[in-house]
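J.: Sequence first, then the predicted structure, then my questions.
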Amino acid sequence: MLLGWGLRGYIGGGPFGAMIPGAMVAFSLCLLLGLPLKPSAIIVVFGVAGIGIGGEMTYGQTLGFLRSWNTTGWGELGITLKGSIWGLLGSSILATGFVYKQLTKKTIVIAYLMLFIGMLIGFKLINQPMLIYFSDPAKPRFESWAALLLGAVFYLLYLKQNTSKETFRIVSRFAFWGLIGGGLGFGLGGFWLVLGNHLSKELIFNSWWKMMEFTFGALFGAALGYATFVSRKEIATMMDSVGEVNEKKPGNTFLELGVLFLTGMLIYWLMPYLVEPLADPARVIPRFSNISFADVVMIFSNYAFYGLILILVVMKFPEVAWQFAITLTFCHAALDLYQDLYPDVLSYTAITIPFLFILGMSAVVALLVDYFQPKANGLFNLFMIMVWSCLVVAFLRLRLEISHNPAEDFSLFNFIFGTYFVHIVFLSSAVYISWFALQLTKKLKRQLPLNL
């Protein structure tokens, strides 16, 4: 998750960028548990849907408070709170993927509806009137931390009342440790910015923001790892009833790619074009007001709703789960790169040559997913596609930066700790987890050949 979070901050932020660490950490947990391919696909989709939601919270100005000793305490409180909420809600939805087969589709849908109700209440009572505000009042930004907090509470309360004690124990355990890991990760990670802001600006090393992201990812991921470790026997028991089917049925490829294309166009193009402009008025009223049409529409322009769309489609077409988990995640990473190249062109406007190029890159990833899914060691192969496709986007972006800002100092020290520090962390992390995943896959294959 350290790698995923670093890539998210480098390639593109927001909730869609957070799909990257969501997918990577869910992949890792499934590999460590030695889960079959079929339930792993559902779990990774829930990870993508859950971890991404926290990206709806603005935190740039909150981190800006860390620049001054007078406001450091308020800034640390704000980012710790936001990190905790990110962990609480994201982990709750990720955990739902582990207990997916113990729940009815109706339960999942109503739980999400309760999440939306909680978000609306939290937004109207706290965020919109700026009752407790962690951004700059002089340059107000739309905040949604209270919306996500109330949404998480409503989501968990509904599951508590409508699931078995054993099932909810897993979800609540993930929620608790996600809250701890997210809070510690963001809170402690913020001290890198405090340190960087009070050291000499002449230092070659200045990747303090990335250190914050790496710390957030590492501690958040470690907390999820611990929750999974503690729950491993309960999860294994639940997975005993889940069949494993690696064979692809004739025609599945066309179905997968068709559903993938339509869902991607809906989420990345049609919804932003039609719905998001209608929600803008609700985001700019810095006072309490009655619930309006814009408030309701805002929920449907939120990543939480996009995540529900992914889950609903996967419940109808489970065979497309891996395409959602990998290809849609990669696609938005590529779209972020496209927007870096053409910052004045919105992703949902004209179909341009660069846009078609991004579509072509995504199609390559989709075909790789389709090809490797039924092969031996499928989970490992798909994990490698996820990791290295996103790394390709990161290094394409580096190439763009070099072309615009050629480095002048090519000393070894500057190479390691200055210009390319972040990319060295990316590459070394990707190599390490690839090696570790390969060794783990070989070990599990010897022990559990039917599962892999």
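T.: Thanks, I have it. Just so it is clear, the structure is predicted and the values come from calculations on it, not from any experiment.
J.: Residue 440 is in contact with residue 33, isn't it?
T.: No: between residue 440 and residue 33 there is no contact, the gap being 10.4 Å when judged by CB atoms under 8 Å. From N, CA and C alone the C-beta is placed, and that goes for glycine too.
J.: Comparing these two, which shows the higher neighbour count?
T.: Neighbours were counted for residue 440 and for residue 33 using other CB atoms under 10 Å; residue 33 has more, 21 against 16.
J.: was I right about that one contacting residue 233?
T.: No: with the criterion set as CB under 8 Å, residue 33 and residue 233 do not qualify as a contacting pair; they are 10.4 Å apart.
J.: lowest-pLDDT helix or strand in this structure?
T.: Least confident element among the helices and strands of the chain, by mean pLDDT, DSSP states H and E: helix 412-414 (a mean of 63).
J.: Which is the succeeding secondary structure element to that helix?
T.: Using DSSP states H and E, the helix or strand that directly follows helix 412-414 along the chain is helix 421-447.
J.: Pull out the buried residues from that next one.
T.: Applying a neighbour-count criterion of 16 or more other CB atoms under 10 Å, one finds 421-423, 425-426, 429-430, 433, 437, 440-441, 444-445 buried in helix 421-447.
J.: from those, which single one is nearest residue 39?
T.: Distance from residue 39 was checked for each of these by CB to CB. The minimum falls on residue 444, at 14.9 Å.
J.: Leaving out the residues flanking it, which one is nearest to that closest one?
T.: Take residue 444 and drop its neighbours on the chain: the residue closest to it by CB to CB, 6 or more residues apart in numbering is residue 34, 4.4 Å away.
J.: and that neighbour, what are its phi and psi?
T.: The phi and psi values for residue 34, taken as degrees, to the nearest 10, are phi 70, psi 40.
J.: how much space between it and residue 221?
T.: 19 Å (CB to CB, to the nearest Å).
J.: Can you list the low-confidence ranges for the protein?
T.: Counting by pLDDT under 70, the chain contains low-confidence residues at 200, 241-251, 279-289, 341-354, 403-418, 447-452.
J.: Identify the single longest helix in it, thanks.
T.: Identified as the longest helix of the chain according to DSSP state H is helix 165-197.
J.: now for that one, which elements pack on it?
T.: On a contact count with 3 or more CB pairs under 8 Å, 6 or more residues apart in numbering; DSSP states H and E, helix 165-197 meets helix 72-98, helix 145-162, helix 208-230, helix 232-239.
J.: got the contact list for residue 135?
T.: Contact analysis of residue 135 by CB atoms under 8 Å, 6 or more residues apart in numbering lists 58, 61, 62, 141, 143.
J.: So it, which state does it fall into?
T.: Reducing the assignment to helix, strand or coil with DSSP: H, G, I helix; E, B strand; the rest coil, the entry for residue 135 is coil.
J.: Contacts only, for residue 174.
T.: 91, 92, 94, 95, 98, 224, 227, 228, 231.
J.: check contacts around the closest residue to the fifth one other than its chain neighbours.
T.: What that stands for is residue 98. The shortest distance from residue 98 to any non-neighbouring residue, by CB to CB, 6+ apart, is to residue 235 (5.4 Å). Applying CB under 8 Å, 6+ apart to residue 235 gives the contacts 33, 35, 98, 170, 228.
J.: do the same with residue 299
T.: With CB under 8 Å, 6+ apart, residue 299 has these contacts: 116, 119, 120, 305.
J.: tell me what the helix or strand hosting residue 366 is packed against?
T.: Element membership of residue 366, judged by DSSP H and E, is helix 353-372. Here helix 353-372 is seen to pack against helix 252-265, helix 329-341, helix 378-404 when contacts are counted using 3+ CB pairs under 8 Å, 6+ apart.
J.: about what we covered before: out of the contacts of residue 174, who's nearest residue 18?
T.: Top of the list for closeness to residue 18, among the contacts of residue 174 and by CB to CB, is residue 94 at 12.0 Å.
J.: isn't that closest one right next to residue 21, touching?
T.: No: in terms of CB under 8 Å, residue 94 does not count as a neighbour of residue 21; the distance is 11.0 Å.
J.: Please identify every residue contacting each of these two.
T.: Counting by CB under 8 Å, 6+ apart, the residues touching both residue 94 and residue 21 are residue 51.
J.: In CSV, list the contacts of residue 174 along with distance to residue 130 and neighbour count.
T.: What follows is those, written out as CSV (distance: CB to CB, whole Å; neighbours: other CB atoms under 10 Å):
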residue, distance to residue 130, neighbour count
91, 28, 31
92, 27, 27
94, 31, 28
95, 32, 30
98, 37, 29
224, 32, 27
227, 34, 25
228, 38, 24
231, 39, 22
